[in-house]
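Peer 1: structure here, sequence nowhere to be found:
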């Protein structure tokens, strides 16, 4: 699939899982900024991908795709949206050719010409035959991806599959490795590559165990599962940061009506888009675990900018900058975010809050949580019933949900404005639970 098409499917799936199929075809197309015809074509393409790579289709093949995404995800611990990464940037002819190459190398190391013969065999009559240059390009791609290796020796070079991870381990070691990868993929970020490795290990275990069902010792469920869609841009951005390269992209802010804009190569069909063309030097990528969001922090002509990665489309690398310029702008960012609870670059404000000990509890889990999550804040006063926690952060917006999550175990003391905001919020919540007539 082309990169632009992948952007479209990412936004398509994001809307599908967030709206749970509540939109009609016309509403969905308008929200995405595409035609109804493109909507139908994209839906057919996604169904084809699921049938190709998911292999575990719904029992009723006629089930609506939106219904499958709406219900199947919660029936399985496997992240359903991961299927899109398995089909990323591979045309149908490429996937057939690469699978033939990897399959042929499973048995013995082969040369380029021997692999060319393998690729040309068993192809449909209407299929175009690959040439030697195409096969060499495929081998270079597989070698860079770590799938194959070039055997030592002179020309002609021979290539072999890198499957030592599987062949050098016995069943018990393979099971322990699978459990470790399963834990890491579900508890650490980024996770897409871990999920792909876990799936490959699971296939190997089933093949070695004569298709026996594998017991899952751990079950995980992440609430913000659509965050894995943002990882499509994560590694290109990290590579741009390592190479000190600027990037450009079409950005759709969260408040915009549209979430996607197609590339109109025909001027007759060109139209305005809600997206904003953005060009910046990426400096850091931050993940907000509380809301499951990825943020890109960068520098452009306006200064420090913060971008939610879910709105990025059509990402392109630009020219690199000098190491001195990159270091100087990174220092500016670090200074501006030194007191950020997450990424806020507002004015520093001192927050003072009293936390109460859980009544009757054997462990003071409130204090344990504050010490674990409170970052650089400190406990300044403490008695048998409560303790006072102080921290200086940039603005109150980002720390506010954390303080609110403690409920009645937390009382904000300073600043007065934040205390007033909490009083108003709790009064509003209290109004929802006012007594009502029993005979309603």
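Peer 2: Nice, I can see it. Not measured: the values here are computed from a predicted model.

Peer 1: what's the pLDDT at residue 286?
Peer 2: Reading off the confidence values, residue 286 has pLDDT 93.

Peer 1: ok, now residue 414?
Peer 2: Per-residue pLDDT puts residue 414 at 93.

Peer 1: what is the burial count for the residue nearest to it when sequence neighbours are not counted?
Peer 2: Across the structure, with CB to CB, 6 or more residues apart in numbering as the measure, the residue nearest residue 414 apart from its sequence neighbours is residue 352 (4.0 Å). Glycine gets a C-beta too; all of them are placed from N, C-alpha and C. Residue 352 has 18 neighbouring residues, counting by other CB atoms under 10 Å.

Peer 1: where does residue 352 fall, phi/psi-wise?
Peer 2: Dihedral angles phi and psi of residue 352 (degrees, to the nearest 10) take the values phi -130, psi 130.

Peer 1: I'd like to know how far residue 36 sits from residue 203.
Peer 2: Taking CB to CB, to the nearest Å as the measure, residue 36 falls 38 Å from residue 203.

Peer 1: so where's the stretch 251-400 of the chain shaky on pLDDT?
Peer 2: 255-259, 261-274 (pLDDT under 70).

Peer 1: show me where it has strands.
Peer 2: Taking DSSP state E, counting those that start in this stretch as the criterion, the stretch 251-400 of the chain carries its strands at 276-288, 293-300, 303-308, 312-320, 348-356, 378-382, 386-394.

Peer 1: what strands line up against the shortest one, and which way round?
Peer 2: Same thing as strand 378-382. Taking DSSP bridges as the criterion, strand 378-382 pairs within the sheet with strand 386-394 (antiparallel).

Peer 1: the strand it pairs with to strand 348-356, inter-axis angle?
Peer 2: Here strand 386-394 runs at 160 degrees with respect to strand 348-356, directions being taken by axes from the mean of the first three to the mean of the last three CA atoms, to 10 degrees.

Peer 1: show residues contacting strand 386-394.
Peer 2: Residues from elsewhere that reach strand 386-394, judged by CB atoms under 8 Å, 6 or more residues apart in numbering: 336-337, 339-341, 344-357, 367, 370, 374-382, 399, 413.

Peer 1: helix or strand right after it?
Peer 2: Beyond strand 386-394 in the direction of the C-terminus, DSSP states H and E gives the next helix or strand as helix 400-404.

Peer 1: hang on, the earlier thing: out of the contacts of strand 386-394, which end up buried?
Peer 2: Of all the contacts of strand 386-394 considered here, the ones buried according to neighbour count by 16 or more other CB atoms under 10 Å are 336-337, 339-341, 344-345, 349, 351-353, 355-357, 367, 370, 374, 377, 399.

Peer 1: surely the residue nearest to residue 414 touches residue 411?
Peer 2: No. Counting by CB atoms under 8 Å, residue 352 stays clear of residue 411, with 9.9 Å between them.

Peer 1: for the residue nearest in space to the middle of the chain, what are its contacts?
Peer 2: When the chain is reduced to its mean C-alpha position, the nearest residue by CA atoms, centre = their mean turns out to be residue 228, at 2.5 Å. When contacts are counted by CB under 8 Å, 6+ apart, residue 228 touches 79, 81, 82, 85, 191, 192, 195.

Peer 1: show me those residues that map onto helices.
Peer 2: Taking DSSP state H, the ones among the contacts of residue 228 that sit in helices are 85, 192, 195.

Peer 1: quick one: which of the residues you listed is nearest residue 310?
Peer 2: Taking CB to CB as the measure, residue 310 lies nearest residue 192 of these, at 14.9 Å.
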